[in-house]
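S.K.: turn this into a model:
(2 chains)
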Amino acid sequence: MHMADAFLSPAVGGGMWALAAAAGGVSIRKSQNLTEGSGRIIPLTGVSAAFVFAAQMINFTIPGTGSSGHIAGALFLTILLGPSLSFLAMGAILLIQALFFADGGILAYGANVMNMAFFTNFIAYPLVYRGITKHRKSRRAIFAASVLTAVLGLQFGAFAVVLETALSGRVSLPFGTFLALMQSIHLAIGVIEGLITAVLVSYLSQHAPDILESRPVREPAPPPKGGILAPIGIGALLCGGIFSLFASGLPDGLEWSIDRAELRLDPERVSGKFHQLLEGIQEKLSFLPDYSLGTDQTGAGQNLGTVVSGLTGILLTAAVLTIILLAVKARSGKKAPSK
Amino acid sequence: MNGPGKIFLLEHSTRKEVPLNRIPAGAHFVVLLLLVLTVVSYGKFEVARLLPFLLYPLLMILLGKSSLPLLVGIYVTVLPLFFFFALSNLLFARAPYPLPGGHAVTEGAVMSLSLVLKGTITIFSVLSFIGLKGFRGLIAALKNLRVPLFFIMILSMTARYIAVLMEEALVMTRAYRLRAPGHRGVYWKDWGPMGGQWFIRTYKRGERIQNAMECRGGQAEHTMTPYHEKMGAGGILWILGWLVFCLAIKLTFREGGKL
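M.R.: Residues are numbered from 1 along each chain as shown, chains lettered A, B, ... in the order given. All right, here's what the predicted structure looks like:
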């Protein structure tokens, strides 16, 4: 499931990086709180992550398909460490794999972390595994919960891989064919991963229950220090000011669809007075038409226009949002009952 | 050597006294990100415009005196994935793609070539960075880039315990072979207990290491490599130089441009 850089577009890769960074930031806040004063968690995290790293190296044959797969290991880590710490450990494993083994790209790192860790840790594990094993800790319950959770997590991950590849548009494998291949192969991998996890967890619960009991207890996360506006703001400025230069000049999905479907607007319906009035207003209001400075439409002028448009758009959006937030705050302040 | 062992091979090949190593790891990492971003920003039919970017991994490998056979060995292990997607392009994109001189190939062939070229540039760029700077450099780069220390600590712990894990695996497999002479591999019924025991043994040893460290006044934060580098003028110049290179190539040879 490790994606390479060449399969992703900068927009998809960058977007997944932003999502992974946000999830990582929240996980760090929660995990730092959990590990303080708990000496056992540190070696447990290191050993578990190293164990999953080694386990991912072992490819097993998938019967009847002529292919092989390896476990993702996110479920085993989550059972031992909890979702947040496990997410960070998976991030560390995937970074080592990307840099030392070229297994997964550096731009695709965010996508790989989200595909292989996020869905299992934060969706499948709380919904399925914890739900089943909350009251029943029997061997059968552990097996059922492990298999179902691993399958669900990997199915989400496999679907995300297909979606990211399709959105990037770097390969011409049809969406339906790729989806069918990925979902079916990861169904088999999910079952095997679930069984391996169940065997390991059952063994640990019998022979070293103290390891399972030493996992971090859930505690409320402290409020963020310094807020999250600064990193979001810097990210937005980078996207609008620099990354926008690398955006494709080809028509977007909607334009492409309209073009391919040969849909054309009826000229009679769009030449009415109301339409002309709106068009006139738009022309007067749009001081950066088509993301350009209006004069020089080629080369450096076009690039400058893109950067100026990106930064202006971000500042305007921030200003509008601030006004709305201030208005909502003022309104809620008026409604609050006086003590 | 088996998979996890390669991490140490690449790591041991990094302790070199070359001028390129004086540039801070943070600057190298920023340039790596910049280059990867620029390369993948090209469209799926771009081939010729990607060629100038081969200069970066070539320079890094030559000036960094990295072990080319080792890097090629790692590159070869990830090639099957590229072949799968390249093959799918050949199968599904059969429309003709005109070439200069009246010739034509299928769109799939051009897409495949572009995909493999992008993969080659990005993979060798990443490997040449690690081949030059190693794990120590990676930690320094992450510190330079203000990545949270808690994450760096987990990364550092993971890499350190891989060695402990491998040692325990070696001890266990040797003991198994001695108990079952002549038997090839591990009997499938023993896989569960072997895996479980492997984890428990490594964890117990990890705990002993942690306790020993704490007895000497160490804390978890100290497990990170104590290695700091300042970006400095050399680092900033390195970044600016490659930024100019990427922008110059990107803006000179635009899609539908000169090439």
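S.K.: going forward, measure contacts and count neighbours with C-alpha atoms only.
M.R.: OK.
S.K.: which residues of the stretch 101-250 of chain A fall in helices?
M.R.: Applying DSSP state H, counting those that start in this stretch to the stretch 101-250 of chain A gives helices spanning A:109-113, A:130-133, A:139-168, A:175-207, A:209-213, A:229-241.
S.K.: what mean pLDDT does the fourth one have?
M.R.: Helix A:175-207 comes out with an average pLDDT of 91.
S.K.: tell me the angle of it relative to helix A:139-168?
M.R.: Helix A:175-207 and helix A:139-168 are oriented at 150 degrees to each other (axes from the mean of the first three to the mean of the last three CA atoms, to 10 degrees).
S.K.: which elements pack onto helix A:175-207?
M.R.: Applying 3 or more CA pairs under 8 Å, 6 or more residues apart in numbering or on different chains; DSSP states H and E, one finds that helix A:175-207 makes contact with helix A:74-81, helix A:139-168, helix A:209-213, helix B:191-215.
S.K.: list the buried ones in that helix?
M.R.: Within helix A:175-207, the residues scored as buried using 16 or more other CA atoms under 10 Å in any protein chain shown are A:178-179, A:182-183, A:185-205.
S.K.: same deal with the fifth one?
M.R.: Across helix A:209-213, burial judged by 16+ other CA under 10 Å covers A:Ile211.
S.K.: by contact count, what packs against it?
M.R.: helix A:74-81, helix A:175-207.
S.K.: what's the answer for the third one, then?
M.R.: The elements that helix A:139-168 packs onto, with contact taken as 3+ CA pairs under 8 Å, 6+ apart, are helix A:10-35, helix A:74-81, helix A:130-133, helix A:175-207.
S.K.: before we move on, back to that, now the helices of the stretch 101-250 of chain A as TSV including distance to B:Val105?
M.R.: TSV is the format used below for the helices of the stretch 101-250 of chain A (distance: least, CA to CA, whole Å):
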stretch	distance to B:Val105
helix A:109-113	33
helix A:130-133	55
helix A:139-168	23
helix A:175-207	24
helix A:209-213	59
helix A:229-241	36
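S.K.: and these: which comes nearest B:Gln197?
M.R.: B:Gln197 lies closest to helix A:175-207 among the helices of the stretch 101-250 of chain A, at 8.5 Å (CA to CA).
S.K.: between the closest one and helix B:191-215, how many degrees?
M.R.: 70 degrees.
S.K.: isn't B:Leu87 right next to B:Leu113, touching?
M.R.: No: contact criterion CA atoms under 8 Å: B:Leu87 and B:Leu113 do not qualify, at 10.6 Å.
S.K.: how about the longest helix along chain B, does it reach chain A?
M.R.: Using DSSP state H to define each element, chain B has its longest helix at helix B:107-144. Yes: Helix B:107-144 lies within reach of chain A by CA under 8 Å from any CA of the partner chain, at B:108, B:111, B:115-116, B:118-119, B:122-123, B:126-127, B:130.
S.K.: near chain A, which residues of the stretch 151-259 of chain B show up?
M.R.: Taking CA under 8 Å from any CA as the contact definition, the stretch 151-259 of chain B meets chain A at B:151, B:154-155, B:157-162, B:165, B:192-193, B:195-196, B:199-200, B:202-203, B:206-207, B:210, B:220, B:251.
S.K.: pretty sure A:Ile93 is touching A:Phe51, no?
M.R.: No: if you go by CA under 8 Å, A:Ile93 and A:Phe51 don't touch, sitting 9.9 Å apart.
S.K.: circling back: distance to B:Cys246 for the helices and strands packed on helix A:209-213 - can I get that in a markdown table?
M.R.: Output for the helices and strands packed on helix A:209-213, formatted as a markdown table (distance: least, CA to CA, whole Å):
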| stretch | distance to B:Cys246 |
| --- | --- |
| helix A:74-81 | 37 |
| helix A:175-207 | 33 |
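S.K.: domain ranges for chain B, per the record?
M.R.: According to automatic domain parsing, chain B comprises the domains B:1-146+B:229-259, B:148-226.
S.K.: for those, give me JSON lines that also has mean pLDDT.
M.R.: As requested, the domains of chain B are arranged in JSON lines below (pLDDT from 0 to 100):
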{"stretch": "domain B:1-146+B:229-259", "mean pLDDT": "84"}
{"stretch": "domain B:148-226", "mean pLDDT": "84"}
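S.K.: and of those domains, who's closest to A:Arg29?
M.R.: Closest among the domains of chain B, once you apply CA to CA, is domain B:148-226, at 9.4 Å.
S.K.: which SSE is B:Ile236 in?
M.R.: For B:Ile236, the host element (DSSP states H and E) is helix B:232-252.
S.K.: give me the distance between A:Thr197 and B:Asp190.
M.R.: According to CA to CA, to the nearest Å, A:Thr197 stands 15 Å off from B:Asp190.
S.K.: can you check A:Pro83 too?
M.R.: Applying CA to CA, the value for A:Pro83 to B:Asp190 is 30 Å.
S.K.: how about B:Leu51?
M.R.: From B:Leu51 to B:Asp190 the distance is 51 Å (CA to CA).
S.K.: who has more neighbours out of those two?
M.R.: B:Leu51 (14 against 10; other CA atoms under 10 Å in any protein chain shown).
S.K.: any regions of the stretch 1-150 of chain A where pLDDT drops low?
M.R.: The stretch 1-150 of chain A contains residues with pLDDT under 70 at A:34-39, A:62-68.
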